[in-house]
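**Student:** Predicted model, plus sequence, below.
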Amino acid sequence: MFTRIVIGWDGTPESEAALAWAVARGVGTPLKIVHAIGGSATSSEYLRAGGELSGERVRLMDVAERLRAERPDLSVTTETAHGSPSSVLAEELDAQTLVVVGAPATHRGSRWTVGSRLAGRHGGGTVAVIPSPLVTDASADVVVGVDGSPASMAAVEIAAAEAKRLGGELEVVHAWIIPPGWDMAYGEYSGDVEALEAMHRGVLDEAVEFARSLDARASGRLEAGPAAEVLREAAKGVALLVVGSHGGGGVARFLLGSVSHELLVSLPAPVMIVGPRG
């Protein structure tokens, strides 16, 4: 599914959790560890006299050497780049690349982390955001959220592959809500509510059938409630939660302030945000 994995690293516990997850995930897939150190390419702040590598570059190389010694089966490369982490890592995104970043334990100052910024600006790649500390006793199961869109079907495809890789079950989750006002007079609208639920059941059944066509051991869950809350609850204790992104870019991606963003603000598990296919 992915031909390479790129990890954003800066030496923090969050980035170490992302690296550990990527190493466990990346068997047989080349890993590239990227450290964005800020400044511009011409800045002398990060360069030593005589053209020696910066201290940050040396530190990153030490991390890679440690990994190679511990896991000689891994293919590991590194890159130190000038610029913001979200900008540098966004350049790595494409349909065959998984970009992995860590999430801070708290969101003081801004809800827009590197993970949410990446997921909001990519166009075809997949971003995995890893909570810290990394849970080590999670099940092998995968949860995927669907809404009937092409983006969510792309998420099902990746979630099915991840569930098969992990040897776990795949739970396909679709959340729906009764339109505002209908529940105030449920008797009057009961027939409409039943028809609406049946329509949403059809959305779920289609996604489950697609997952099973990909040889995933898939089941479906239809629940009434806000999508982010339903998915957060469903993903507790699982190996991975996968959701689709509808694309956009720039200010327009404040739409990521909806389901995907809310999940990244309070991660129930490692979360993959799958970008739209071209």
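**Tutor:** Received, thanks.
**Student:** pLDDT weak spots in the chain?
**Tutor:** Within the chain, the stretches with pLDDT under 70 are 39-53, 105-112, 121-124, 181-190, 246-257, 276-278.
**Student:** Centroid-nearest residue for it?
**Tutor:** Geometric centre of the chain, nearest residue: residue 272, 2.1 Å, by Cα atoms, centre = their mean.
**Student:** and that one, that's in a strand?
**Tutor:** Yes - under DSSP: H, G, I helix; E, B strand; the rest coil, residue 272 sits within a strand.
**Student:** mind checking how far it is from residue 25?
**Tutor:** 10 Å (Cβ to Cβ, to the nearest Å). Where you see a C-beta, it was placed from the backbone N, CA and C, and this is true even at glycine.
**Student:** Equivalent analysis for residue 209, please.
**Tutor:** Residue 209 is 27 Å from residue 25, where distance means Cβ to Cβ.
**Student:** Of those two, which one has the most company?
**Tutor:** More neighbours surround residue 25 than the other of residue 209 and residue 25, with 21 against 12 (other Cβ atoms under 10 Å).
**Student:** wait, the more buried one sits on residue 5?
**Tutor:** Yes - under the criterion of Cβ atoms under 8 Å, residue 25 makes contact with residue 5 at 6.8 Å.
**Student:** okay, and the common contacts of those two?
**Tutor:** 98, 100 (Cβ atoms under 8 Å, 6 or more residues apart in numbering).
**Student:** Just give me the neighbour total for residue 166.
**Tutor:** Residues near residue 166, counting by other Cβ under 10 Å: 18.
**Student:** let me fix that: residue 219
**Tutor:** The number of residues near residue 219, taken as other Cβ under 10 Å, comes to 14.
**Student:** Any idea what it is bridged to?
**Tutor:** residue 171 (DSSP bridges).
**Student:** residues touching it, list them.
**Tutor:** 169-172, 208.
**Student:** One more pass at 10 Å, please.
**Tutor:** Listed by Cβ atoms under 10 Å, 6 or more residues apart in numbering, the contact set of residue 219 reads 141, 169-173, 208, 211-212.
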